[in-house]
Every structure is written in C-alpha cells, then in structure tokens.
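Q: With the input below, show me the fold.
(3 chains)
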Amino acid sequence: MSLSRADVERIAHLARLQIDDESIPDYARNLSNILELVEQMSAVDTSQVTPMAHPLDTVQRLREDVVTEDNQREHFQQHAPSVENGLYLVPKVIE
Amino acid sequence: MEWETVIGLEIHAQLQTRSKIFSGAATAYGAAPNTQACAVDLGLPGVLPVLNKEAVRMAAKFGLAIGATVAHRSIFARKNYFYPDLPKGYQISQYELPIVAGGKVQIELEDGTHKTIGVTRAHLEEDAGKSLHEDFHGMTGIDLNRAGTPLLEIVSEPDMRSAQEAVAYMKKIHSLVRYLEICDGNMQEGSFRCDANVSVRPKGQREFGTRAELKNINSFRFVEKAINIEVERQIDILESGGKVVQETRLYDADNNQTRAMRSKEEAMDYRYFPDPDLLPVALDDAFLNTVRASLPELPDAKRRRFIETFAVSEYDAGILTSSRELADYFERTLDAGGSAKLAANWIITELSGALNRAGLELGASPVTPQQLGGMIKRIDDNTISGKIAKQVFEAMWGGAGDADEIIENQGLRQVTDSGAIEVLIDEIIAANPQQVEQYRAGKEKVFGFFVGQVMKASKGKANPQQLNDLLRKKLQ
Amino acid sequence: MQNKTLAELATGLHAKQFTSVELTQMYLDRIARFDKEINSYVTVTPEKALAQAAAADTLLRSGRGGPLTGIPIAHKDIFCTDGIRTSCGSRMLDNFIAPYDASVVTRCYQANMVVLGKTNMDEFAMGSSNETSYYGPVKNPWDLAAVPGGSSGGSAAAVAAGLAPVATGTDTGGSIRQPAALCGITGLKPTYGLVSRYGMIAFASSLDQAGPMARSARDCAMLLQVMAGFDARDSTSLERLVPDYQATLDRDIRGLKIGVPVEFFEQGLDAGVEQVIRDALKAFEARGAVLVDIRLPNSKLSVPTYYVVAPAECSSNLSRFDGVRFGYRCQEPADLLDLYRRSRGEGFGAEVKRRIMIGTYALSAGYYDAYYLKAQQLRQLISEDFVHAFKQVDVIMGPTSPTVAFNLGERTEDPVTMYLSDIYTIAVNLAGLPGMSVPAGFVAGRPVGLQLIGNYFQEARLLNVAHQYQQMTGWHQQVPPAFAR
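A: You can find the predicted model right below:
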C-alpha cells in the first residue's frame, strides 16, 4: 500500500493534524513503509477466527449510581488555555 | 405525481440517574457552568470510565417494556469526531451489539385505527456538553456539565408515513419512558430530544428516497412542522427535476424552514471501534428477571383495564393513560368511591382545563384526587348537582377545603324536599300568568323559562330532575 | 550507597543507620551531579521529596514505618501527579500540571515512598529508544553514545546510573522490558489488569500496563507489592487477591519447565546476544530446570498486528489533546479547525503524528476489516499460541531484544527498523501476559536482557525464577563504571 500526498492530507485532516507541506512526502514514505509491514498480516487466513478486542476474558463491572465527585472547577481550570466565567473558550462554532 | 413520506425517528432520552453514565459527577440540570464536570467528564489525560449500573437497568427496563431483546452481552464502542462539546474527541456509544434490539410500539392514528412501529434498537451512550454562542468576544463558551449524562438512543424503523404518525410515535415513547420512570421527559431542558430521518418517494415505489436528517427538534409541535416543511422542500426539488442530497439539516422554528448544517458539511467517518477501556456488559437472566418484576403496568395494559374495569370510553381511557401521573390521579380519585365515568369527565375537562389556564402541571394541582373524588361522590349521591359541583370545584381550587366542608359552609346542599320546591314553583307560576298562558297554549319553549326561574329562586340548589317533574305537573 | 537493594535500604532506614532525608539528599545530589549526562529526569522535585522524606523519618522514628517507608522513587512522566508537571515527554503537555494523582502514584504515597521526580520517556510512550521525547534523548549509562531503550528509558537509565533506587515504568509493547534490558536492570510488566491504569496517560488502552523497574527481582517484588491491586476507577482492573511476592522468591526451581520458542532464535537475533541467552538457559539447566523447545508460530506477526492495534487505540486516545481544556494551544487560531489542526500539529512530534495517522487510517471507512478486524483476529491466534505453550511449560524464556543498545540516531530515519526492536516483547502485550527482563551478560560492554514470560497472574513465579537466577549470577549487580562513584 503506497499512500499518495492526497491520502496523507485526507488522513491528517481526519485526525486534525497540521502537516507542513514540505514534510508530506516524508510522511507518505514512512506511512507507506509501515503499511507495508502491517500488510504481512494478510499472509494468515483468519476467516474462522474470533476477533480479540481485549486480553481480559471477563465482563464489565457496574458502579452503583452514587454521586462521588464534587465541584473542582477552579482546580481543573487552573491551567486551561482559555477560560471565562467558568466556560472553556474556543473560536466561534458555527452549527 | 402522488408522493409518500417515509420517516424514521432517533429519540434521545436522558436517563434520570443521579450520577453520570461513566463518572460519579451529578446529573442535576441547571448548575453553574462546568461545576458538574469531573476529571472523567472533562476527558483529562489518564482518566477512565466505569459504567453506572442504574443506566444499564433503565435501558433494560425500556427494552423489556417494548418486547425487545435485551442483550445478554453488549459492547461499548467509540464514535470518533472532533467537536468542542465532546471532550475526549470520541463519544462512548454502542454500535455493534447494542443493549436493546428489535422491539415495537403501537400508536393510535387520528381515525382511531392502530399501527405498529418497529424499534430497531436502543443503545446507551453519553451525552455531549453544550456550546454557548452568546458573544464572548466572538468566541464560543463550552459548558461540560451535561457531558456524560446517560442517554438512551431509541432508533425506530422507517415505519411512519406522515408527520402526524411521527408525533404519535414520539408521544408514545415519551409517555412510555415516563411511565417507566427512566426519563423525566422534560423537552425544554433537553431531556427528551429527537432527530428525524425524512424522505419521500413516489407512491407505490418500494425503494426509499434519499433522506435528510433533521437535528434536535425539541417539541412535538416542531416535529410536525419540521417534517412537513422538509417534505414540502423535498417534493419541490423532485418535482422540478432535482435530486435530494443526503445531509443533516437544522430546523429553524422562527422562519419555519430547514437548512443544511455547516458543521456537518463533510461526510463523517466516525471510525467506530470497541472501547478498550470498557469490557463487554453481561446481563444474566436473574438481573433481567429482577428488572422485569420491577416493570409498572404499561399504558396499553392500563388503558384496556380502564375500559374493562371502569367502563370509561376508549377515547377517555386513552387520555387518562397518556401519562402515568394522570392515570394515577384518576385511580386515586376513584378511591373515594364515586363514579368512574364522572371522574373521567371531570379530570379530562374541568381539571385539565383549570390546570391549562393556570399553566400548572398535574403534580402541582391545588385540588387533590381525594378532594375531587369526595366531590364526585356528592354528585353521585345527589347532595349537589353537576352545576353546583363547578362552584364547589372552584372553591376547592381556591383552597377552601374539601367538598363536604364547602357544601356545608356555603349551604350548597341540593334541595330535594318536594314541598320546598313546590312552594317555589307556586310562587313563580303566580308571578307569571302570561307565560303560563303561553305554555298551556302549546308553546313548549316557555317550560325552560320556568325551570330557570325556579332554579334561580332556589339559588341553583333545587334537584333538577325533581324540579322538572313537579313543574310539569303544576303547569298542566 | 546507591548500589544497595531496596531491602538493604529499608533495613538501614529501620535500623536508623541513616535517615530518609539523608538517603533522599544523596539521590538528589547524584541527580544534580550526573543527570546532565544522561537526561533521565524531566522534572526533579527536591522540596517535595525532602518534605516527604522528613515525614517518613517521623514515621520511622516512631516505629510505624512500612517496608518502603522513606525509600525514594522516580515516576515515569506518564503518571499524573497532582501539583507536579506531567508532560508525557510531549510539547503538548509541557505546561500540564495534572490536577490529580494516578492510582499508582497514590499507592506509592500511601506506602510513604519519596518522589524524587518524573523521568524522561518517548513522547506519549511511542518509541523504543527515548529519542522521541520533547525533552531530548536519554543516554545509556553504560555508553553515552547508545540509546537507553524506550519508552521507559528515563526510568531505566536513572535506576542503572544510581539516580533512583527504583522507578515506575509502563509497557505497551516492551517499554519496561526493552529499556531494562538495554540498561542492565530488572523490569517487570505485569498481567494486564493487575495494576491500575487510572491516571496513567493512555497510549493503547488494551495493551498498557504499569510495572516496577529496579536493580533486582526482589526489588521488583517489593515495588510490585505496592503497585498491584484492584482499583474501582479502572474497569479493566481485576478484583483478585494479590499474593506476597517476596514469600515465594526462594522456592527451588528444580524441575521447572522452561519453554524456549524456536521463533525467538531465528533471523535477526544478534549472535552475541544469542550466546548470552544460551548461557543463561544453561545456567538454569544446571540448576535443575528442564528446557523444552516450543513454537509460537504466529508470534512473527506480532509486530504487524501491534502496529495496527496500538495506533488505532492511540489515534482515539490522543484525540482529547485538542487545545481546549488543557495542554498546548496554538497562537491566534483563525477558527476552530485551525485551533485543532495547529494545536495538535505543533504539540505532537513526528512519531506520534505518524502513529495517529496510521491508526486513523486503519479505522477509517473501508479499511476497518482489512486492518483493525484482521489485527484483532491475529491477536487471538498469537494469544492462543501462548495458551498452548503454557500447557507444556511453566515459563518461557528468550532474548528481550534482538540486539544490545544501538547508537543514538542509528534508527531514527526508518520507523520500521525501530519497530523491529520490540519483536520479542510485543506478543506478550497482545496476549496480556506478564513478562520480565533480567540482566544476563554483556556484548561489547552493553547489557543483554533475558526475557521471562509467565502465564496469566504468574508474577510470583516469574519473580521467583528471576530471583533464583540472580542468586546464581551477578549480572544484576554490575554498575556502569562512569556512575560508580
């Protein structure tokens, strides 16, 4: 699998990553090499294999419905990039 | 060409748990911004989700109530997209293997017939925060108090064929989740929201047309209006030879139109995959049996029982069971021992009317079911007439006490002593010789005049039936 | 002093031969003196450390100290520490002061251990050489031209150089074992679910596991005793009894069946490393253990499988770094999209971006089945290989890494070559098994690690076997000459 410049741009956009124009060829090459490594997977027939999502063969523990957390807004927002009146600020969102 | 509308609804019901679905933060509405957003809700580095048992129980309750399969094993997945009100950059939801699959509900159409609407699935997920667009120097403010509130997303089959059907279905689900006490149904606060998938196709065609998804329609009235205006838009496009584009649209209630959402312009690639921070949710039969045993009587069953046990009309039963509070109010009214038919009439007309005028919810009614039942019993045993009852009701509404007290204090007891009524009749006949003449000459209408006069003279307290009988005799 | 084991230090503290403040000051002095050479710490916390040491001394004086009271420790900078910067080796978190403690950190505090600081690491634990750190590479104390391994390279180098008696690390594909091997120390990656992941910044959630890095198996046992155990804040934490890891260290290993996977000795293994490992196996044989050749036929696909699973999970885990609530935010974003793209583009380094992109690609529409689903199926096969193997043997042994420490810069140009450094460690993470690396010798003056792999929850067994090896050999007592002073 060889990734084109357009592929790299599409993936970078999906992942919200700014990639400098001049480094796109490097990314294309490196990512293509990694995908080539990854494609060794196709050597094995896995059509009958159950996918394994998790190393633990156990089930989800359920928490009792109890409020355990109190307000720590000031603590959490102490190092936030941009806050006003307790709200996190971002450039205007247009719906 | 004749067009057919096809509608499927995705309803988001906030589950009324105390704490969030994956954290121990409170879910109460209306707190100061970000004061109910804990480290997990904020998606701080390193935090992990732990599933709230009550949310699972509520979802199972819903599944059992609509005759669906509640999965013995369900999986949480991540839905990945970037949005400022989505702190982790993914929403924990369910994709393959949702907790509830394959149920159905019955709706009643305006012509009185019934229709079954399929529920494809219902899955658990976390709500997002809120973006506040008031001007912060051209910025948007993010409040994450709502982030992590448990949601049950209820996805219908595309079984509805008109906006009216969609509204009937939405009302049905709304009533059901409140019956089950899993959602408060408050649409103003966003506890119960709806997206509609709308398409049109030429009547008789099997394939669906291209659909548009209408986002976040937050009232029954807007659902109907939004769907109708969207259907009109799509038919206009098709009839002028155009093509409907599959897209997400927002209903603008002020201008009664829908418009494409800018934030959804690009095709979304959500990259769903099983959430590695959460393990499969396993529900055994013992758990499901406990949930089943906790199910209340559901609206359809209650309605049948009301018709069969209390002989109320199908229409009245439908109204009385439209919410659990109303049905409970009705049954508690009957505890006083009065007639069910009268109770139904009084609740549906007088009480509901008074509540509407006062802008009150049933729970805030100044007249308790015990009081209303007490009054109805007095109508039944002829202590008061229906007309006087309205006076009693108003007094109860104003806080004057129980019906019996009011009847006693205000001397409203019906006059059933024939002697007393006869005296009044004789006085009126004597005072109106001309009208007596007219009546005897065959002018039947004048009879009403006499009834009115005698009733007035009795201050409304004469027993109407007795009055009629005696008056006829005297006028002969 | 800096060469003492934890048990010796604990004895000294309890016997009041020295105080925790003296011990802590000694390590702080060594850090000040030596760390500019190896760059193993990102943050040093002298004031906090001395205050904690003083508090520990009070406990010790009153006879209320526990086994690790007053012992200094360094935490990998992936664990959130309330009030102390937690950078995860990234520009993204260069200004991030965590508002809470990771469960592992809390447990160490509860044991009255003293925090010396936070150790350097590959950015977001993505790397095998510690060269992807925003704070510059860590250097190998045995040879300053060599890498220490990664991603827990700072922890490994600090322990090897005597700049901390013990440290925490995390292991997603070998990040405890490989740097332990390359720096000549002992490291253990526990069974997935034994140690809480709460507060440990996630790289790949289904693979990440924290563990101890120390100078000996016994030291690892002592720290693991503190780290292990159920945590209600982590859904993947297991509710099971934690055994006394020191109690079984001295068990005889006669008759122990050691599985030797044929696949771990095939092409790619450095001849010198192979010799060291064969010698170690012989030592076990001499002690009465039995070597059994086994096969792990699917292990050769563990690297490709891992490079789908780990990037897929990381692409999602790292989405929360968006410049909105914490961490790096770009200057003057033009709009929301610009805020996201530049904050992330500028905040993350190249390797992190590569992995996010690979993961994004593997999960995207049309590729999910071919990549992610396929990798999950292979993960199943790789795990089943181990299940079969553990029906025949008690532990599995082989090299931790195919080579000794390579030179700085040697593999940075080609990510794939770098990825192959973890060829023997990755399968263990995919299966969720416990694994260890213990020092077993040298090739050209650089340490070689012997890898021990156990069945699920067999940490006590692994520690026992490793401890027995360390009773027969002295490799773990070797100290890099430049830091012996």
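Q: Check the model's average confidence along the longest helix seen in chain B for me.
A: As assigned by DSSP state H, the longest helix anywhere in chain B is helix B:220-239. For helix B:220-239, mean pLDDT is 95.
Q: got the residues of chain B near chain C?
A: B:39, B:42-51, B:78, B:80, B:82, B:84, B:87-90, B:142, B:269, B:271-273, B:276-279 (C-beta under 8 Å from any C-beta of the partner chain). No exception for glycine: its C-beta is placed from N, CA and C like everyone else's.
Q: same for chain A: which of these are within range?
A: Within these, those near chain A by C-beta under 8 Å from any C-beta are B:39, B:42, B:44, B:50-51, B:82, B:84, B:142, B:269, B:271, B:276, B:278-279.
Q: Which one (most neighbours) among those?
A: Neighbour tally across those (other C-beta atoms under 10 Å in any protein chain shown): the maximum, 29 neighbours, falls on B:Leu42.
Q: Quick check: the gap between that residue and C:Ser151.
A: 26 Å (C-beta to C-beta, to the nearest Å).
Q: Find the closest residue to chain C in the stretch 351-476 of chain B.
A: Of all residues in the stretch 351-476 of chain B, the one sitting closest to chain C is B:Gly363 (37.1 Å; C-beta to the nearest C-beta).
Q: what number of residues lie near that residue?
A: Neighbours of B:Gly363 (other C-beta under 10 Å): 7.
Q: Pretty sure it sits against B:Glu325.
A: Yes. Between B:Gly363 and B:Glu325 a contact is recorded at 6.2 Å, counting by C-beta atoms under 8 Å.
Q: out of everything not next to it in sequence, what's closest to the closest residue to chain C within chain B?
A: Going by C-beta to the nearest C-beta, chain C is nearest to B:Gly89 of chain B, at 2.4 Å. Distance criterion C-beta to C-beta, 6 or more residues apart in numbering or on different chains; nearest residue to B:Gly89, sequence neighbours excluded, is C:Ser319 at 2.4 Å.
Q: got a list of what that neighbour touches?
A: C:Ser319 makes contacts with A:16, B:80, B:82, B:88-90, as judged by C-beta atoms under 8 Å, 6 or more residues apart in numbering or on different chains.
Q: Just send these back as JSON lines, with pLDDT and secondary structure too.
A: JSON lines is the format used below for the contacts of C:Ser319 (pLDDT from 0 to 100; DSSP: H, G, I helix; E, B strand; the rest coil):
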{"residue": "A:Arg16", "pLDDT": "97", "secondary structure": "coil"}
{"residue": "B:Asn80", "pLDDT": "97", "secondary structure": "strand"}
{"residue": "B:Phe82", "pLDDT": "96", "secondary structure": "coil"}
{"residue": "B:Lys88", "pLDDT": "98", "secondary structure": "coil"}
{"residue": "B:Gly89", "pLDDT": "97", "secondary structure": "coil"}
{"residue": "B:Tyr90", "pLDDT": "98", "secondary structure": "strand"}
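Q: What is the host helix or strand of B:Ala354 packed up against?
A: Using DSSP states H and E, the element containing B:Ala354 is helix B:352-358. Here helix B:352-358 touches no other helix or strand, going by 3 or more C-beta pairs under 8 Å, 6 or more residues apart in numbering or on different chains; DSSP states H and E.
Q: List the buried residues in it.
A: Residues of helix B:352-358 classed as buried by neighbour count (16 or more other C-beta atoms under 10 Å in any protein chain shown): B:354-355.
Q: Over to stretch B:395-408?
A: For stretch B:395-408, by 16+ other C-beta under 10 Å, it's B:395-397, B:402-404, B:406-407.
Q: hmm, who's touching that stretch?
A: Under the criterion C-beta under 8 Å, 6+ apart, residues B:354, B:366-367, B:370-372, B:374-375, B:377-378, B:383-384, B:392, B:409-410, B:412-413 lie in contact with stretch B:395-408.
Q: rewinding a little: how much space is there between the residue of chain B closest to chain C and B:Tyr83?
A: According to C-beta to C-beta, B:Gly89 and B:Tyr83 sit 8 Å apart.
Q: Comparing these two, which residue is more hemmed in?
A: Using other C-beta under 10 Å as the criterion, B:Gly89 and B:Tyr83 rank with B:Gly89 on top: 24 against 18.
Q: Spit out the contact partners of that one.
A: B:43, B:80-82, C:316, C:319-320, C:322.
Q: could the residues you listed go into a markdown table alongside secondary structure?
A: Shown next, in a markdown table, are the contacts of B:Gly89 (DSSP: H, G, I helix; E, B strand; the rest coil):
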| residue | secondary structure |
| --- | --- |
| B:Gly43 | coil |
| B:Asn80 | strand |
| B:Tyr81 | coil |
| B:Phe82 | coil |
| C:Ser316 | helix |
| C:Ser319 | helix |
| C:Arg320 | helix |
| C:Asp322 | coil |
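Q: Now the buried members of those residues.
A: B:43, B:80, B:82, C:316, C:319-320, C:322.
Q: Closest one of those to chain A?
A: The nearest one, if we look at these relative to chain A and count by C-beta to the nearest C-beta, is B:Phe82, at 5.2 Å.
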